[in-house]
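Colleague: Fold the following for me, if possible:
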Amino acid sequence: QVQLVESGGGLVQAGGSLRLSCAASTNIFSINVMGWYRQAPGKQRELVATITRDGMRNYADSMQDRFTISRDGAKNTAYLQINSLKPEDTAVYYCYARGYPSPATASWGQGTQVTVSS
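Modeller: Okay, here's the model as predicted:
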């Protein structure tokens, strides 16, 4: 498995922005898919966005406007930029990696809390 460490969460007012980081323990270009999920209190974990080894991005339908996934190969880090934050964005955000070291392997980070106040 790859080790994933998230950071960048915190308390922010509605309308603000955050950039979450996910540092991987291996070359991120050796990972088939990296992504972000989130889990709000009392709700199931849901997909936010993914990025493939080739750079193709995919977003959940409701998150295409305010969320941007990116990566920096030199830092082995993936990012999630969230703009115009809303209270309903409050959740634990988890980094995800699939396909390293084998295609079926999935790894999760410990999560970072994002709290948006109204």
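
Colleague: Test my guess that L20 contacts G9.
Modeller: Yes - between L20 and G9 there is a contact under CB atoms under 8 Å: 6.3 Å. Backbone N, C-alpha and C define where each C-beta goes, glycine included.

Colleague: And those two? Which one has more around it.
Modeller: The residue with more neighbours, out of L20 and G9, is L20; 24 against 17, by other CB atoms under 10 Å.

Colleague: My guess is G73 contacts T26. True?
Modeller: No - G73 is not in contact with T26 according to CB under 8 Å; the separation is 11.4 Å.

Colleague: Who does the most centrally placed residue in the chain form a beta bridge with?
Modeller: In the chain, the C-alpha nearest the mean C-alpha coordinate belongs to W36, at 2.7 Å (CA atoms, centre = their mean). Beta bridges link W36 to A49, C95, judged by DSSP bridges.
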